[in-house]
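S.K.: Give me the fold of what follows.
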Amino acid sequence: MSVILTWPLWQVRSGDATLPNLPVFDSALVDRFQISFGETLLITLAVAIVWPRIGATMHCVALAAAIGFDQMRIQPEFISLAVLILGTVGDRRLILLARCHLISLWFWAGLHKLLSPEYLQTTGLDLVLGLLPGVTSSQAMILGIGTAAIEMCLGLAAVFPRTRRVVPKAAALLHGMVLLTLFARGWNSAVWPWNLALGAAGFGFFMNWNEPLWPALWTVDSPIDSAEDRQPVISRLNPIRQFAWQAIVILWMAYPALFYLNLCDGYLAWCVYSANVPDAVIYEDDSTDGERLFDSAYRALNVPFSPATRLFEQHFRRRGQVGQRLEIDDPRPLSRWLGQSKRSMQFPEPPAEVQH
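M.R.: Coordinates of the predicted model:
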């Protein structure tokens, strides 16, 4: 459903399109091979219903290829849903990765909000007031902070067997509230199916999981084929492979911290509604009123502009016009420390022989 709700995102946007495709390899040669991916993604999802393992693999490959041809498709809902689909194929390692993905998503999404001054002062209040317009600003601020704290605590609770029992109902409640808020405001319909899936995933992945997380890192050697196979089985992996697997899982949960080192895109680090990601505005000549790329992407594609400085600049190089100016604001602490929190990019003047 999310693919259908964002159909223009998966098409070839060339020519005079306001928001062109932004491929990983920015060249005219890549542009010649651009194809539409909407139909392909829908077909892979249909295959996953009949043949889960084949369809899930096809879907992930197709999604990776689609992102390679257009980094605007780096949207948290599509990446998260692909991971959850992989977790349904019955392989213990993939199930564990899906569980760890949810733990990481909840924890970091909540922490990013609590570390974001704009969320604490503006975005959190706005989201609460969209659902509860009768509360005061101070009450909305407290509720916004409380929601972020609950989200982070949900990720922590999912780690430990004793607290994990609350995760299914808490996840359903949390994402149900988010969905109601978005419904009430008629906003961001692309993530409505994602929130439904996350609420259901709390039951599907945590309801009957009673094993401690750390031992689970070496009891995932075979697929689940029978009721007997559902019991923990000590893996026969050699020590080197076992250590490598444990390192992969730990990195899988911890890599969003790289966002604060400017080494990971905001949406890949699960910065959702946290308002701590880079933002960009395009100004005409010396005008003080510009247009946010965030808003222009919503109007054209029903998703926000993927918030990465390199993508803002790539877009401006492709669609900027003479006299326009791109202003980038990166609120991350490292960017401020390096003196890179404010960047400006002027579109170059045309060659002298074609000036009028």
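
S.K.: hey, C-alpha coordinates of stretch 133-146 in CSV?
M.R.: What follows is stretch 133-146, C-alpha atoms only, in CSV (Å, rounded to 0.1, in the frame of the first residue of the first chain):
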residue,chain,number,x,y,z
PRO,A,133,-6.4,20.2,20.4
GLY,A,134,-7.9,20.9,23.8
VAL,A,135,-4.7,20.6,25.9
THR,A,136,-2.4,23.5,26.8
SER,A,137,1.0,24.1,25.3
SER,A,138,2.7,23.0,28.5
GLN,A,139,0.7,19.8,28.7
ALA,A,140,1.4,19.2,25.0
MET,A,141,5.1,19.6,25.6
ILE,A,142,5.0,17.1,28.5
LEU,A,143,3.0,14.6,26.4
GLY,A,144,5.4,15.0,23.5
ILE,A,145,8.4,14.3,25.7
GLY,A,146,6.6,11.4,27.4
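
S.K.: buried sites along it?
M.R.: By neighbour count on 16 or more other CB atoms under 10 Å, the buried set for stretch 133-146 is 140-141, 143-145. Every residue, glycine included, has its C-beta placed from N, CA and C.

S.K.: List the contacts of it.
M.R.: With CB atoms under 8 Å, 6 or more residues apart in numbering as the test, stretch 133-146 has contacts from 113-114, 119-121, 123-125, 127-129, 132.

S.K.: On the three-state scheme, Trp187 is what?
M.R.: At Trp187, secondary structure determined by DSSP: H, G, I helix; E, B strand; the rest coil is coil.

S.K.: ok, now which ones touch it?
M.R.: Gly130.

S.K.: of all the contacts of stretch 133-146, which two lie farthest apart?
M.R.: Leu114 and Leu132 (20.3 Å; CB to CB).

S.K.: Pull up the gap between His59 and Leu45, please.
M.R.: 6 Å (CB to CB, to the nearest Å).

S.K.: What of Ile85?
M.R.: Counting by CB to CB, the gap from Ile85 to Leu45 is 8 Å.

S.K.: what about those two, which has more around it?
M.R.: Ile85 (22 against 19; other CB atoms under 10 Å).

S.K.: Please identify which helix or strand holds that one.
M.R.: Using DSSP states H and E, Ile85 falls within helix 76-86.

S.K.: One more: Met177?
M.R.: helix 167-185.

S.K.: With respect to Ala257, which of the contacts of stretch 133-146 is nearest?
M.R.: Looking across those and measuring by CB to CB, the closest to Ala257 is Leu114, at 14.2 Å.

S.K.: residues in contact with the most centrally placed residue in the chain?
M.R.: In the chain, the C-alpha nearest the mean C-alpha coordinate belongs to Pro76, at 1.7 Å (CA atoms, centre = their mean). Neighbour list for Pro76: 191, 194, 267-268, 270, 272 [criterion: CB under 8 Å, 6+ apart].

S.K.: coming back round to it: could you tell me which of the buried residues of stretch 133-146 are located in helices?
M.R.: Taking DSSP state H as the definition of helices, the buried residues of stretch 133-146 contribute 140-141, 143-145.

S.K.: between those residues, which is closest to Phe312?
M.R.: The closest of those, once distances to Phe312 are taken by CB to CB, is Gly144, at 27.3 Å.

S.K.: Now that closest one: closest residue in space that isn't a chain neighbour?
M.R.: Among residues not flanking Gly144 along the chain, Gly124 sits closest, at 2.5 Å (CB to CB, 6 or more residues apart in numbering).

S.K.: for Pro193, same thing?
M.R.: Met1 (4.3 Å).

S.K.: Give me the neighbour count for the one you found.
M.R.: Applying other CB under 10 Å, I find that Met1 has 13 neighbouring residues.

S.K.: So Pro307, which state does it fall into?
M.R.: coil.

S.K.: where does the biggest helix by length in the chain sit relative to the chain's centre, distance-wise?
M.R.: Looking across the chain with DSSP H, the single longest helix is helix 92-114. Taking CA atoms, centre = their mean, to the nearest Å, one finds the center of helix 92-114 at 12 Å from the center of the full chain.

S.K.: ok, back up a step: what angle sits between the helix holding Ile85 and helix 92-114?
M.R.: Following axes from the mean of the first three to the mean of the last three CA atoms, to 10 degrees, one obtains 160 degrees for the angle between helix 76-86 and helix 92-114.

S.K.: avg pLDDT for stretch 99-107?
M.R.: Throughout stretch 99-107, pLDDT has a mean value of 96.

S.K.: sorry, back to before: how about CSV for the buried residues of stretch 133-146, with pLDDT added?
M.R.: What follows is the buried residues of stretch 133-146, written out as CSV (pLDDT from 0 to 100):
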residue, pLDDT
Ala140, 88
Met141, 89
Leu143, 91
Gly144, 90
Ile145, 92
